[in-house]
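Asker: I would like the atomic coordinates for the input below:
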Amino acid sequence: MSIEAAKNTGTESTGTGKTTRTASTTRTDKENATTMPPPRSRRQRGTEKDATPQPVLHAVPTAARMARARIAPALCVLLWLFYLVTVVVALARGDALRDSTQLVMTIVFLVSVTLLTFSACMYLLARSAALPRFASHRRARRIALDELATRFQRDDQQNEDGQNSRSGEPRLVAMLPSRSEDPELVRLSLWSVALQEFPELRVVLLLDDDPDPDAPEARESLERSRMLAPEIMAQLEPMRARISTAMASLRERPGAGAATEIVMREHAAAAQWLRARAEATPLRTHVDAFFADQVLRGLATSLDATATALHDALENDETPLSQARAEQVLQRLVNIFTAELSVFERKRYASLSHAPNKAMNLNSYLGLLGGTYREQRDHRGLTLVRLDEAGAASAAAEGQTLIHAPDPEFVLTLDADSMLLPEYCLRLVHVLDQPENTRIAVAQTPYSAYRGSPTRLERLAGATTDLQHIVHQGLTAYDATYWVGANAVLRRRALEDIRQEVDEDGVRVVRFISDRTVIEDTESSIDIVAHGWSLLNYPERLSYSATPPDFGTLVIQRRRWADGGLLILPRLHELVVARRRQGEPLRMAQRMLRANYLGSITWVTLGLLAVLTLNPLGGQLVTAQLLLIAAPYFIEMASDLRYLGYRRRDVFGIYGLNLLLLPVNLAGSIASVAQALTGRKARFMRTPKVNTRTPAPALSVLAPIVIAVGAGAIAVRAGFSSDWGTTVFAGFTALAALWGVGRLIGVGHAISDLWFGWMNWIWVDARRAPVTAASTAPVWSVVVDDGPLETIGALR
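Answerer: All right, here's what the predicted structure looks like:
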């Protein structure tokens, strides 16, 4: 059978009615991947029309690039030392510091410069370690992945035969927490997980919406989300059934030639089915384009390559696949099209925590893993009651509806606005399965940004995300990895080590992931390391996540990121002390990188504000030598941007973006201090994933304008005083801030947000006195039940 006929066979089976493509369609898919769909809103100038992401494998850096990367941190430190020595010598020769105010301002200024230099050096240090990782990385061969999947299935078969207590349990359970998300966005995430090349995958959508909303729009969205799991399983079923039949046929008719032909035919049919799905995917945004091109067509291209290779082998009378290898290769298709999807809603049950954050949504289901439950109503409402093996068997015999939470070895967590490439789970579990990696608790690929964004702000915010991908890879080189909550494969045994159980208002609450701060993954990383585990960033691009498209959404996201780091710093100190007492001290580089990750948002924000606003000694400290300290940082960042497919000059745009976020970061840092003083948890603010613009708080828009005006005034005053260092620095900062307001926020949007912020401030809704049981009950009942009327009035 020719590969053309095999594809025609696949078309007839799936009923798509599409014209069969030849093996040359691989090139067409790549060409389609660069074509953007018409955007919903007008594309801004200066954005990317090409939605093709960077390759999965990082480009191998040159020896010269790696050498320059190693020199940059040392050069930055030397320039800082040279500046300090110059300042100290100049001040020692004069009497400028006799004024106590000038002395304090000078010390604060120099400390701020030092903190800014420290964070710049940590960026340079991390990237200098990331580049050699990219150069030395070697992918596991396809056959090694197939052998791992085969071994898992062989072990599972033995379990089903009663040789192991884990009978019928999956190796991996994927959990997707979602709250008030766009169902179409959740659909893409679920599909990217359902098509993972992992055997017997279970996928659970953890809906955290109100289970009985009043608003018709919310009810409709919830119902659509509830239907996603059965819809996807129904769409996968025809291909799953077809390939299962082919596997049975392969085992019934052993023979090298026939086996190779069956495998070739099924791979071609599967590729054709995936292409048909890609053609049917509505391309509304660049995220839809990514799903169609990189997930569906990318997987189709990989399967087509296998079909073409086998076809060529048969045509040339080369040695075909052995029976065992044929079953192994065909099993890949079984794994791709076999997934069990379900939906779980913790807020339906009074026996589970209803705390409004992602961590407790995950914790609630993690606490159920490995158990069988029945629903039961009591005075609290609907609850889940755990059954032992005998109780579960008895309840099943009686026809009761039971809920079984699997007992996996690994857990995948994925945000509902993120997507995975099809090999993500299998490759990361392969890494965790290696003998030398038995103490790795978390394996992840820090997510990359979707390309082809229609707004300048989303493009630059995505650039910062891709820069952080490099930084995270460098953190792993120094064993300073932090869990990035958007996606990760977690070892279940490590989660059990950090398990905590408490009683809150009569509800047994199980915590694996800390919810003390809104950056739950970061604090949990400290818990994991404290229990002797480590974390790993896999040096490939296998995961992608959405970037806020407008300033209002970005404010919500970045304020949450800025809130919590200061609260975790004491935990890091405790870890350092404990490791020292155990005789296993953390390396200096690891301590510095971890501390910078937690605190840099705060001290960089305060340091930059201090350098901008303080003017000790009439601006004499802002010299060319000071500006040179930042040169290695900006030069290497520009180089990284070019390496990632952006423009070098985008480094100036990122500086403008960071100026816009200064007040946002400051607000997050203040919230951390407030939580430390009051003990009240910060409210978890979900990043909106909607198709409309999210208005920004008026103060977040006004603050960058104030920064621009203030920096401009400082530049003008310094210019009249012939203080050219301050003039250049303050003038450039003013221009960058104004550019950020005009080009990233937008003048019209900025005016709109300021106007509505003002109107919301001066107009308030009249408060109505709450109608309470006391206000409608007889007076005598109020006195007896609630106390004297005077006391009640005082409490109100």
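
Asker: going forward, measure contacts and count neighbours with C-alpha atoms only.
Answerer: Fine.

Asker: how about G371, what does it touch?
Answerer: 386-388, 404-407 (C-alpha atoms under 8 Å, 6 or more residues apart in numbering).

Asker: Apply 6 Å and report the result again.
Answerer: Listed by C-alpha atoms under 6 Å, 6 or more residues apart in numbering, the contact set of G371 reads A405.

Asker: three-state assignment of A355?
Answerer: Secondary structure, DSSP: H, G, I helix; E, B strand; the rest coil: A355 is coil.

Asker: Spatially nearest residue to it (excluding sequence neighbours)?
Answerer: Leaving aside its sequence neighbours, A355 sits nearest to N361 (C-alpha to C-alpha, 6 or more residues apart in numbering; 7.9 Å).

Asker: for A120, same thing?
Answerer: Y633 (5.9 Å).

Asker: residues near the one you found, how many?
Answerer: 22 (other C-alpha atoms under 10 Å).

Asker: quick check: mean pLDDT across the helix or strand harbouring it?
Answerer: For Y633, the host element (DSSP states H and E) is helix 631-643. For helix 631-643, the mean per-residue pLDDT is 96.

Asker: from the chain's centre, how far out does that helix sit?
Answerer: Here helix 631-643 shows a centroid-to-chain-centroid distance of 24 Å under the convention C-alpha atoms, centre = their mean, to the nearest Å.

Asker: hang on, the earlier thing: the residue nearest to A120 and L598: what is the separation?
Answerer: In this structure, Y633 and L598 are 20 Å apart, going by C-alpha to C-alpha, to the nearest Å.

Asker: Equivalent analysis for I470, please.
Answerer: Taken as C-alpha to C-alpha, the span from I470 to L598 is 17 Å.

Asker: gap between the residue nearest to A120 and Q590?
Answerer: In terms of C-alpha to C-alpha, Y633 sits 20 Å off from Q590.

Asker: And the helices in the stretch 501-650 of the chain?
Answerer: Counting by DSSP state H, counting those that start in this stretch, one finds helices in the stretch 501-650 of the chain at the ranges 520-530, 551-562, 565-581, 588-613, 624-629, 631-643, 650-660.

Asker: Go through those and name the closest to P213.
Answerer: helix 551-562 (23.9 Å; C-alpha to C-alpha).

Asker: Show me the contact partners of that closest one.
Answerer: 548, 664-665, 668-669, 687, 694-696, 745.

Asker: what about 8 Å?
Answerer: Contacts for helix 551-562 (C-alpha under 8 Å, 6+ apart): 457, 518-519, 548, 601-602, 661, 664-669, 684-688, 693-697, 700, 744-745.

Asker: what do you get for stretch 509-525?
Answerer: In contact with stretch 509-525 (C-alpha under 8 Å, 6+ apart) are residues 352-353, 357, 359-360, 362-364, 366-367, 481-485, 495-496, 498-503, 535, 560-561, 563-565, 567-568, 681-684.

Asker: How far does that stretch stretch from one end to the other?
Answerer: Note: stretch 509-525 ends 20 Å apart using C-alpha to C-alpha.

Asker: Averaged pLDDT, stretch 762-777. What do you get?
Answerer: The model assigns stretch 762-777 a mean pLDDT of 55.

Asker: Likewise for stretch 619-628?
Answerer: Averaging pLDDT along stretch 619-628 gives 87.

Asker: got the buried residues for that stretch?
Answerer: For stretch 619-628, a neighbour-count test (16 or more other C-alpha atoms under 10 Å) marks 619, 621-623, 625-627 as buried.

Asker: same for the helix ranked longest in the chain, what does it pack against?
Answerer: The longest helix of the chain (DSSP state H) is helix 100-136. Applying 3 or more C-alpha pairs under 8 Å, 6 or more residues apart in numbering; DSSP states H and E, one finds that helix 100-136 makes contact with helix 63-93, helix 456-477, helix 588-613, helix 631-643.

Asker: Report the buried residues of the second one.
Answerer: Along helix 456-477, the positions that meet the burial threshold by neighbour count (16+ other C-alpha under 10 Å) are 456-477.

Asker: residues touching the residue nearest to R511 when sequence neighbours are not counted, list them.
Answerer: Once flanking residues are discounted, R511 sits nearest to Q500: 5.1 Å by C-alpha to C-alpha, 6+ apart. Counting by C-alpha under 8 Å, 6+ apart, Q500 touches 510-512.

Asker: ranking those by neighbours, who comes first?
Answerer: F512 (23 neighbours).

Asker: That one and A486, how far apart?
Answerer: Look at F512 and A486: by C-alpha to C-alpha, they are 16 Å apart.

Asker: And the most centrally placed residue in the chain, its phi and psi?
Answerer: Centroid-nearest residue in the chain, with C-alpha atoms, centre = their mean: A486, separated by 2.5 Å. Backbone torsions for A486, taken as degrees, to the nearest 10, come to phi -60, psi -30.

Asker: Next one: the residue nearest to R511 from A305, what distance?
Answerer: Taking C-alpha to C-alpha, one finds Q500 at 48 Å from A305.

Asker: One more: V529?
Answerer: 42 Å.

Asker: can you check L661 too?
Answerer: Look at L661 and A305: by C-alpha to C-alpha, they are 46 Å apart.

Asker: Those two: who's more crowded?
Answerer: Using other C-alpha under 10 Å as the criterion, L661 and A305 rank with L661 on top: 22 against 18.

Asker: list the contacts for that one?
Answerer: With C-alpha under 8 Å, 6+ apart, L661 has these contacts: 555, 558.

Asker: Please report how far it lies from L457.
Answerer: Look at L661 and L457: by C-alpha to C-alpha, they are 12 Å apart.

Asker: quick one: the strands in the stretch 251-400 of the chain?
Answerer: 339-345, 372-378, 381-387 (DSSP state E, counting those that start in this stretch).

Asker: So what's the gap between the second one and the chain middle?
Answerer: With C-alpha atoms, centre = their mean as the basis, strand 372-378 stands 34 Å off its chain's centre.
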